[in-house]
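[1] Quick check, what structure comes out for this input:
(one chain, ligands or ions: 1)
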Amino acid sequence: MTQKYESYIAGRWVGGKSFSPDENPSDLDNPVGEFADADAADVAEAAAAAKVAQRAWAATTPQQRADILDRIGSEILARKEELGRLLAMEEGKRLPESMGEAARAGQIFKFFAGEALRIPGERLASTRPGVDIEITREPVGVVGIIAPWNFPLAIPAWKIAPALAYGNSVVFKPAESVPACAWALAEIISRAGVPDGVFNLVIGTGGVVGKAIVDAPEIDALSFTGSVATGNRLLQDAAARGLKIQLEMGGKNPLVVMADADLDQAVRCAIDGAFFSTGQRCTASSRLIVERPVYDAFVERMQKAMQALKVGPALAGDTDIGPVASARQFEQDRSYIQIGRDEGARLLWGGETVDVGPRGYYLQPTLFEARPDHRISVEEIFGPVACVMPADDYEHALSLANDTRYGLCGGICTTSLRHTTHFKRHAQVGMVMVNLPTAGVDPHVAFGGRKGSSYGPREQGRYAAEFYTTVKTAYTAA
Ligand code: ADP
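    Residues are numbered from 1 along each chain as shown. Below is the predicted model:
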């Protein structure tokens, strides 16, 4: 029997009027299941329930919330292999990375279990005699969460866990292509002691369910991760109704390779950053900027390393690069490869689809030598497609790195302290990596970018409190 994934609203599992297939990108003939399409009425019910439930949830003790979040984290960690397999099947991320992501989701819940006990405040003397000032943090209320498909467990975790830790209630919509991961997470949350209505999962399309979340009057704040186009639209909608909003959108992240770098380390960083997780990370290294003296040697080693990467099903033990996650993304990647060819970028490796046996969205990791003004160097592709370009010297490399509308992360491979220090100060990004892939971040520190990549407060670590709480300043005279 086909597995059916339903929404979870006001403490009940709710079927839809229609069901849509949940595809397995590694094997299109063996879908993961079906999910129930929710509609605007389901969102209205979820938002109303969340509004009612939030007051009592905010009044629970920090210890009660910590215990619940800790329980959720423990179960996720105990089941990381099973959850990792589900993620691998549904999103196409190869199994070791999928299991790592499941473990990450568990750790995030445990981190925010601790944060529930450490909600910060301040006490200051007033400028007026006899007056004390207290600054406290309160929940924002009902938080709408709209998540993408590329980290279907970790990203929902790093939004849901702080929302609950700080006393908010949640209406969560996963991306269309990953309902099973969202369902598995909701199923764990539903048994952890979270009161009915505090956490709601509404599965459906962006145009219907996503839009209804943004429009629901009960929603006080919206956390979104996804494309620039959708993010910008949500920003307009949120501004029109004064909604607190946090957006994580695209990236076109540079990895600078200096002539003084350890070249093998630089190639490992580039391969991991550009192609692991099939290049489907907003932190992916999609622009490789290499100082001229080592340019040819770097390209040659990249080609050799790429040749050795095995494209295959997410669950196969010898797979290095899993399938592209969906038909839509597969089309987008291939169309950018064609654009690269048409605009005269030089294809150095890849560019073709791969027949691995089962029908799926298999694509070779692809490297172009491209000019900085080529569309493939400018626009986010979000697939296993990277560009490499030479730089005359460090200053040129830095200016190329910063010459983008995005600013999520930037990396440099170098053995020079001078270059390291300068790059850390002058890269126009939210996150800098030195001698590391641009992708791969820790769960307990701030995540986010600048320029067109992000809007609003940072996510993760104790910085999450900026978005999920609101500050109150109280003056008391004796
Ligand atoms: P991608 O192109 O990578 O799928 P999207 O920005 O389209 O990125 O999707 C990210 C999330 O935003 C998904 O959960 C999607 O359903 C949701 N979404 C898409 N369009 C809208 C919309 N108009 N309103 C609200 N949410 C939307």
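[2] Reduced to three states, what does the closest residue to the ligand within the stretch 301-450 of the chain come out as?
    Closest contact between the stretch 301-450 of the chain and the ligand, by C-beta to the nearest ligand atom, is at Phe382 (6.5 Å). C-beta: built from backbone N, CA, C; applies to glycine. The assignment at Phe382 comes out as coil when based on DSSP: H, G, I helix; E, B strand; the rest coil.
[3] Distance check, the closest residue to it other than its chain neighbours against Ala105.
    Closest residue in space to Phe382, ignoring its immediate chain neighbours: Gln280 at 5.8 Å, by C-beta to C-beta, 6 or more residues apart in numbering. Gln280 sits 17 Å away from Ala105, going by C-beta to C-beta, to the nearest Å.
[4] and if you look at Val324?
    From Val324 to Ala105 the distance is 23 Å (C-beta to C-beta).
[5] and if you look at Ala446?
    Per C-beta to C-beta, Ala446 is found 18 Å from Ala105.
[6] of those two, who's got more company?
    Using other C-beta atoms under 10 Å as the criterion, Ala446 and Ala105 rank with Ala105 on top: 30 against 17.
[7] Enumerate every residue touching the more buried one.
    Ile76, Leu83, Leu153, Ala154, Pro156, Ala157, Leu185 (C-beta atoms under 8 Å, 6 or more residues apart in numbering).
[8] Check which helix or strand it maps to.
    Using DSSP states H and E, Ala105 sits in helix 95-116.
[9] Distance from that helix to the middle of the chain?
    Put simply, helix 95-116 sits 13 Å off its chain's centre (C-alpha atoms, centre = their mean, to the nearest Å).
[10] Could you pull out the helices in the stretch 151-300 of the chain for me?
    154-165, 179-190, 211-215, 228-241, 263-275, 292-307 (DSSP state H, counting those that start in this stretch).
[11] looking at the ones you listed, which is buried most?
    Of those, the one with the most neighbours on average (mean count of other C-beta atoms under 10 Å) is helix 154-165, at a mean of 28.
[12] now the angle from it to helix 179-190?
    30 degrees (axes from the mean of the first three to the mean of the last three C-alpha atoms, to 10 degrees).
[13] CA atoms only: put helix 154-165 into CSV for me.
    Presented in CSV, the C-alpha positions along helix 154-165 are these (Å, rounded to 0.1, in the frame of the first residue of the first chain):
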residue,chain,number,x,y,z
ALA,A,154,17.9,20.4,9.2
ILE,A,155,16.3,23.6,7.9
PRO,A,156,12.9,22.9,9.5
ALA,A,157,14.7,21.9,12.7
TRP,A,158,16.6,25.2,12.9
LYS,A,159,13.4,27.1,12.5
ILE,A,160,11.0,25.0,14.5
ALA,A,161,13.3,24.4,17.5
PRO,A,162,14.0,28.0,18.3
ALA,A,163,10.4,29.0,17.7
LEU,A,164,9.2,26.5,20.3
ALA,A,165,12.1,27.1,22.7
